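Asker: generate a structure from the sequence data that follows.
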Amino acid sequence: MKSRSKVEDALKLFHRAEYEGWLMTADALAGSVTRDLAEAGDLLARLQADGFAQVSGREFVLTDSGRRYALQVVRAHRLFETWLARETGTSAPEWHRKAEVAEHTLTAEDTEALSAQLDHPRFDPHGDPIPTRHLTLPELGEVALLEVEPNTVVQITHIEDEPPEVFRRIASTGLAPGIILRVGRIGKNEVEIEAESRTHRLSRAEAGHVQVLPVREEIIQPGWVRLSDLSVGESAEIKALSAVCQGSERLRLLDLGVVPGSRVRVDLSGPFRSPRGYRIRGTLVGLRNDQADNIFVNKEDGI
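Answerer: Residues are numbered from 1 along each chain as shown. So this is what the prediction gives:
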């Protein structure tokens, strides 16, 4: 299993180099997969002997069979991350680490069953495209947040999950793939953005890990506020759930009637405003502040 894991980790790195357009060398392999250059050389020799890689000029490249194998591993990894995000209470920083282990144990049949269970998702929770069952991968044309002009509206498509400490800092702001934001000031040391009615400041290193695509308009409309901003006795119409709200938490809110068009009223509040009691479709529902933060409502429709 350890030998298989090294081969598959190497193939994933080859695929990443190919997809992102950088040279795959023994140094790169030693820096990411093996302990030293000697071990990297042995691993490269094995990949060539197995027909998964070949030399092309100054670099090593995947063969067709190596590319298919790499995409199968990537598919297993991203589907497993999607399952963790949707079906379990696993925290976002743990998705990648757990998927790094599971990808080496899932068979092709396991992977297809998982895809069917998840209704064949196209993107993982980081926004990365999931290879299809035919092992093809689309080019998205996304750009780094740092490359976007100020006052441009964009949607987050991907947040790089390595190194983990940078990903954790970005995740702690509440940003996630799917969120639409407006780029504000791009300074020497930080980038200012407005996302879902809140202003965030990212370091340039953090902004470099966020990939985006331009969109025409923001989803969060003027006048919308977070449910947590309402006072006791106030009513509103539910408009949307934040893209941050995923998995079992999102399903629970939907089951409770937190869907666009539903009316909600704040009936009760604890001593620290969390949890609070909300009247939704005639039922009193208790929500913590972090849950109500992810629900957008409008108080301006005559409610």
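Asker: contacting residues around the residue positioned nearest the centre of the chain?
Answerer: Centroid-nearest residue in the chain: residue 126, 1.7 Å away (criterion: Cα atoms, centre = their mean). By Cβ atoms under 8 Å, 6 or more residues apart in numbering, the contact list for residue 126 reads 81, 95-96, 158-161, 177. Every residue, glycine included, has its C-beta placed from N, CA and C.
Asker: gap between it and residue 136?
Answerer: 19 Å (Cβ to Cβ, to the nearest Å).
Asker: do the same with residue 189
Answerer: Distance from residue 189 to residue 136, by Cβ to Cβ: 40 Å.
Asker: which stretches of the stretch 201-303 of the chain form strands?
Answerer: 210-214, 224-226, 235-241, 263-269, 276-280, 283-287, 295-298 (DSSP state E, counting those that start in this stretch).
Asker: just name the most buried of those.
Answerer: Compared across the strands of the stretch 201-303 of the chain, strand 295-298 shows the largest average neighbour count, a mean of 22 (mean count of other Cβ atoms under 10 Å).
Asker: returning to that earlier point: just confirm the residue nearest to the centre of the chain is within a strand.
Answerer: No. Using DSSP: H, G, I helix; E, B strand; the rest coil, the assignment for residue 126 is coil, not a strand.
Asker: for the stretch 101-250 of the chain, which residues score under the pLDDT cut-off?
Answerer: Low-confidence regions of the stretch 101-250 of the chain, defined by pLDDT under 70, span residues 138-141, 216-220.
Asker: before we move on, back to that, for the contacts of residue 126, pick the one with the most neighbours.
Answerer: Compared across the contacts of residue 126, residue 81 has the highest neighbour count, 26 neighbours, by other Cβ atoms under 10 Å.
Asker: and that one, what helix or strand is that in?
Answerer: helix 64-87 (DSSP states H and E).
Asker: and that helix, what's buried?
Answerer: Across helix 64-87, burial judged by 16 or more other Cβ atoms under 10 Å covers 66-67, 69-86.
Asker: just stretch 189-206 next, same as before
Answerer: 190-193, 195-196, 200, 202, 206.
Asker: how long is that stretch from one end to the other?
Answerer: By Cα to Cα, to the nearest Å, the extent of stretch 189-206 from end to end equals 11 Å.
Asker: before we move on, the earlier item: any idea how far the residue nearest to the centre of the chain lies from residue 289?
Answerer: In terms of Cβ to Cβ, residue 126 sits 26 Å off from residue 289.
Asker: check the buried residues of stretch 189-206 and tell me the two furthest apart.
Answerer: 190 and 196 (19.1 Å; Cβ to Cβ).
Asker: what does stretch 235-242 rub up against?
Answerer: With Cβ under 8 Å, 6+ apart, stretch 235-242 has contacts from 174, 179, 196, 219-221, 224-225, 227, 230, 250, 253-254, 258-266, 280, 293-299, 301, 303.
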